[in-house]
Structures are given as C-alpha cells and as structure tokens.
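Student: how would this look folded up:
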Amino acid sequence: MGSTSVAAKVQAAQHSQLKAAAVLTVISGDVQTRFGGSGFASAMDGAVLYVGSTVRTSADARAVITLFEGSTIELEPASDITIEEAATRSSSTIVQLAQSVGRSWHVVTHLTTADSRYEVRTPAATASVRGTAFEVAVDDGLSGPTTTVTTTEGRVATVDAAGSSEVLVTADQFTTVRANTAPEPPRSAPDAQRVVSVAVISESSLVVDPLGRANGFKDGKVFAQTPGARVLMQDGTIVVTLPNVPDGVFATTVAAGASATVSTTVTEKGEEPVTVSTAVEAGSASTTSRVELRKGSDKPQLRSLTSDESQKLSDAIFSAKSQVRATATPTQGAAAPTGATSRTTPAPTKTSDVTTPPAATARRTLIPVPTRR
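Tutor: Residues are numbered from 1 along each chain as shown. Down below sits the predicted model:
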C-alpha cells in the first residue's frame with residue numbers, strides 16, 4: 001500500500017466526526033491544503049474542507065472555495081486562507097476566515113438575519129460584510145502587513161486589527177489598512193485598464209476567462225469567479241463584465257436550445273470599444289463559442305476562432321473550463337468520505353443541530369460598462 005493511500009485513510013479517519021464546511025475547486029497549478037497542525041499536501045479537485053482547513057495556492061495556482069451556504073472565495077496565486085468558523089445557528093450563518101497573504105475574491109450569499117456574520121481577518125484588519133462582492137489583498141511588506149479591501153457590490157465594514165477604528169467601504173471604493181494604524185478613508189477604486197463584456201440571450205450561459213475562471217448563470221445559480229466580475233440577467237439576456245483580464249481565449253458556453261448570438265466587447269482605457277459577434281447554432285447539447293483577445297499595436301485585436309482552430313485547442317483544457325466545478329455545496333453534519341472526494345456532494349439539508357440553507361440563487365446586479373474594480 002502506497003504512502004499516499006495510507007495518508008488519505010489517516011486523514012479520512014481524522015475527519016470522520018467533523019462537519020464539512022466547503023468544497024475546493026482547483027482551477028490551475030499546485031493547490032495545497034492542511035488541517036489543523038498537519039503539514040501541507042497537494043489537494044485534489046473536489047476535496048471537502050472542514051473548519052480548521054487552510055488552503056494555499058502556489059505562485060501559478062488558482063482555486064475556488066465554495067462554502068456550505070453557497071458563498072464562494074476565489075484565491076489568486078501565492079495566497080493563503082483558513083476556514084476558522086462555518087456554521088448555521090438558529091437560522092443565522094456564521095463564517096469567519098483568516099487570510100495571511102495574497103488576494104482573495106469573495107461573492108457572499110445574502111445573509112438573512114441580523115445575527116449572521118461573514119468576516120475575513122488579516123494581520124492588519126478585519127472585513128465584515130452582509131451580502132456583497134469584494135476583494136481582500138494582503139501584502140507582507142518590509143514595514144509590516146498591509147491589507148487593501150476593494151468592494152464591487154454592497155458594503156464592507158473594515159476595522160483595524162485592534163478593533164478601535166472602522167470605515168465603511170461601499171461599491172467601487174477601497175481602503176488600505178497598515179500595521180497598527182487606522183483604516184484609510186475610502187477612496188474611489190481606479191478605473192479598470194481593460195473591461196471585457198460578453199452578452200448572450202440565454203437562460204444558462206458561462207463565460208470562462210483565459211485563466212479558467214467561470215462567470216455567468218448555470219442551473220439557476222450565479223457564478224462570478226473572476227475578481228471584480230459583475231453578472232446581470234435581465235429580460236432573458238445574460239451580461240458578464242470582467243475587469244482587467246489578460247489576453248487569451250474567452251470561451252462562452254450556451255445551454256442547449258435555440259440559436260443565439262454571443263457579443264463580446266473589449267474596452268481598453270482611453271480607446272474605443274471593439275466588438276465581435278458570433279452566432280451559436282441551436283442543438284440538443286450545449287455549444288461553446290470562443291473569442292481570442294490580443295493586444296494590438298494601436299487597439300485590442302478581437303476575433304472569433306474558427307471551428308478548426310477550436311478543435312486544435314486542448315480538449316482537456318476546455319473540457320475543464322467549460323464545466324463549472326464544485327457546483328454542489330457540502331452538507332454540514334455529513335461524515336467525511338473514506339477515499340477520493342466525489343464531486344456530487346449532497347445538497348444542504350437540515351440535521352438535528354444544524355440547519356444549512358440552500359445554495360445561493362442568481363442575483364441581479366447592475367453592470368456599468370466600463371466598470372471600476
């Protein structure tokens with residue numbers, strides 16, 4: 001029996017009496033986890049996380065954590081976050097995270113009671129929210145840790161580590177908190193250098209950016225994995241707006257059914273928008289339209305890929321990108337699996353001591369174009 005198999009069984013035995021808190025989606029690179037005082041080990045896509053679990057991304061890795069109540073956390077490269085608390089008590093949802101370094105992007109389920117709490121603690125500050133989308137960046141500089149909180153939607157109360165001073169960061173604002181200092185007054189977030197907007201008439205469509213992060217609507221749920229992403233569904237049209245995304249291929253998957261047109265617009269700061277429209281034929285299966293974005297000498301170059309070009313792309317890459325991972329949320333109170341974690345984690349249920357609400361439903365978010373981070 002190999003050491004990996006032995007370690008997996010030991011870990012399963014340790015977790016057998018714990019309550020599942022989240023599901024991990026590995027987008028790319030080496031993502032590692034640890035529980036309590038154990039050492040870090042490479043994580044499997046779809047792994048179940050528990051209170052006390054820490055997730056760490058390497059310099060080229062990205063991951064998404066889907067919490068039991070439907071909120072998601074996208075981790076950028078070289079980031080580290082710990083689930084300190086994740087539970088439902090008397091209809092109130094309590095989530096507390098600790099981030100020591102790196103960048104995390106949070107899309108939080110609207111908390112339904114006054115006692116519900118979602119907090120991200122860093123060495124310099126604590127960000128507390130009630131249903132919002134925001135980013136936390138922690139920089140461990142020479143002068144000590146610095147935390148920057150940027151809000152895309154809603155409001156984020158940000159306090160210093162001592163808890164003596166608080167500012168309220170509203171949509172399209174940010175604040176910076178340095179070690180042992182009060183939070184700076186909120187300021188307007190800088191305009192995005194680039195905004196990519198994808199519009200498609202469909203009830204279910206996902207846009208996967210060049211780094212593999214999915215955004216849109218699927219199965220009645222909203223996905224916004226790209227930091228700063230805004231998603232709108234109105235009058236049957238899904239609009240996904242992505243700020244500061246890199247060059248590469250944007251894959252838009254449209255659900256089976258009627259034909260549709262996928263319109264992709266890129267706006268570079270100070271330049272006129274460039275739009276490409278691609279027709280998607282009706283079919284019994286979902287269809288994917290792919291558009292390539294490259295920085296040109298005078299303006300961005302945007303073009304639809306031909307069928308032959310799409311076929312030459314790696315099937316493995318796009319099969320992973322075209323399907324949203326970890327759409328299920330873990331059931332609190334369920335026993336840990338004894339082997340590799342299945343991606344068909346049961347839907348949240350009510351147990352004798354914990355009531356877990358269903359996953360978040362799709363939200364309606366206004367999207368200004370161009371947008372701020």
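
Student: contacts, neighbours, all on C-alpha from now
Tutor: Fine.

Student: what about stretch 79-97, start to end distance?
Tutor: 13 Å (Cα to Cα, to the nearest Å).

Student: contacting residues around that stretch?
Tutor: 21, 50-58, 67-69, 98-104, 111-121, 332, 354-356 (Cα atoms under 8 Å, 6 or more residues apart in numbering).

Student: now with 6 Å?
Tutor: 21, 51-57, 98-103, 113, 115-120, 354-355 (Cα atoms under 6 Å, 6 or more residues apart in numbering).

Student: also stretch 173-191?
Tutor: Counting by Cα under 6 Å, 6+ apart, 124, 144-151, 160, 165, 169, 172, 372 sit against stretch 173-191.

Student: also stretch 102-114?
Tutor: 71-76, 78-79, 92, 130-138, 227, 360.

Student: can you give me the buried ones in it?
Tutor: Gly102, Arg103, Ser104, Trp105, His106, Val107, Val108, Thr109, His110, Leu111 (16 or more other Cα atoms under 10 Å).

Student: repeat that for stretch 277-288.
Tutor: For stretch 277-288, by 16+ other Cα under 10 Å, it's Ser277, Thr278, Val280, Glu281, Ser286, Thr287, Thr288.

Student: got it, and stretch 298-311?
Tutor: For stretch 298-311, by 16+ other Cα under 10 Å, it's Pro300, Gln301, Leu302, Arg303, Ser304, Ser310.

Student: just send these back as CSV, with distance to Lys269, secondary structure and pLDDT too.
Tutor: Listed next are the buried residues of stretch 298-311 as CSV, based on distance: Cα to Cα, whole Å; DSSP: H, G, I helix; E, B strand; the rest coil; pLDDT from 0 to 100:
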residue, distance to Lys269, secondary structure, pLDDT
Pro300, 11, coil, 88
Gln301, 14, strand, 92
Leu302, 16, strand, 94
Arg303, 19, strand, 94
Ser304, 22, strand, 92
Ser310, 29, helix, 72
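
Student: would you turn those residues into CSV with distance to Gly39?
Tutor: Compiled in CSV, the buried residues of stretch 298-311 are given as follows (distance: Cα to Cα, whole Å):
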residue, distance to Gly39
Pro300, 45
Gln301, 46
Leu302, 45
Arg303, 46
Ser304, 46
Ser310, 41
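
Student: so where's this protein uncertain?
Tutor: The model of the chain has pLDDT under 70 over residues 1-17, 284, 311, 313-329, 331-373.

Student: repeat that with 80
Tutor: Low-confidence segments of the chain, defined by pLDDT under 80: 1-18, 110, 112, 141-143, 257-258, 282-285, 296-298, 307-373.
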